[in-house]
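1. 3D, please:
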Amino acid sequence: MNYLIAVLADRIQAEAAYLALEKEGIKGTILGKGYKSADEFGLIDPKEVAQKQARLMAFWLIPFGFFAGATFNIITGLDTFAWAGEIGNHVVAGLLGAASGALGSVFVGGGIGLIAGSGDALPYRNRLNEGKYLIVVQGSDSIHRQATRILRQFEPENIQGYKE
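-> Take a look at the predicted model:
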């Protein structure tokens, strides 16, 4: 699906642009206060993506960290925690490895999700939070050309096309 997104400063401009599109037979959607929200429309929330990625990485990194820590302790024969005994040393080393895996999943999984997972959704969400309005038109390239011509009359802050 192809999308065309225009950012307009206020509700009056957004409604006028929507009506101008409708007059030409182009179906659009208004996002903003009083209309559809970003979540209702389906703009991806980067925080949700980051949390999902962190959970996925934790699923693999915590057990791997435990076994890596315990194995390292067994191979090296370190007696780092004398108070814990031989088996306790292996368990404590495994727990420290699991904690390192959890920390890695939070920083790497969450960080990658915030950077790579957000795309252009975050700037559009920020503009909606500032009280601006978005007009979204879905359709073919010819519809986008026609909609762009109509929307430019309203001097949008930004107009951008996307292809999936």
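
2. these two touch, right, residue 67 and residue 95?
-> No: in this structure, residue 67 is not within contact of residue 95 by C-beta atoms under 8 Å, at 11.5 Å. (Glycine included, C-beta is placed from N, CA and C.)

3. number of residues surrounding residue 98?
-> 21 (other C-beta atoms under 10 Å).

4. sec struct for it, please.
-> In three-state terms, and counting by DSSP: H, G, I helix; E, B strand; the rest coil, residue 98 is helix.

5. any idea what sits nearest it, other than its immediate chain neighbours?
-> residue 66 (4.0 Å; C-beta to C-beta, 6 or more residues apart in numbering).

6. do you know how far the one you found is from residue 153?
-> In this view, residue 66 and residue 153 are 62 Å apart by C-beta to C-beta, to the nearest Å.

7. contacting residues around residue 159?
-> Neighbouring residues of residue 159 by C-beta atoms under 8 Å, 6 or more residues apart in numbering: 4, 5, 6, 7, 148, 151, 152.

8. okay, and for this protein, where does confidence drop off?
-> Applying pLDDT under 70 to the chain flags residues 1, 42-49, 110-122, 164.

9. what residues sit buried inside the helix or strand hosting the residue nearest to residue 98?
-> Taking DSSP states H and E as the definition, residue 66 sits inside helix 46-76. Of all the residues in helix 46-76, those buried under the rule 16 or more other C-beta atoms under 10 Å are 46, 49-51, 53-54, 57-58, 61-62, 65-66, 68-70, 73.

10. which strands or helices does it pack on?
-> Packed against helix 46-76, as judged by 3 or more C-beta pairs under 8 Å, 6 or more residues apart in numbering; DSSP states H and E, are the following elements: helix 85-104, helix 110-116.

11. no further queries at this time; thank you.
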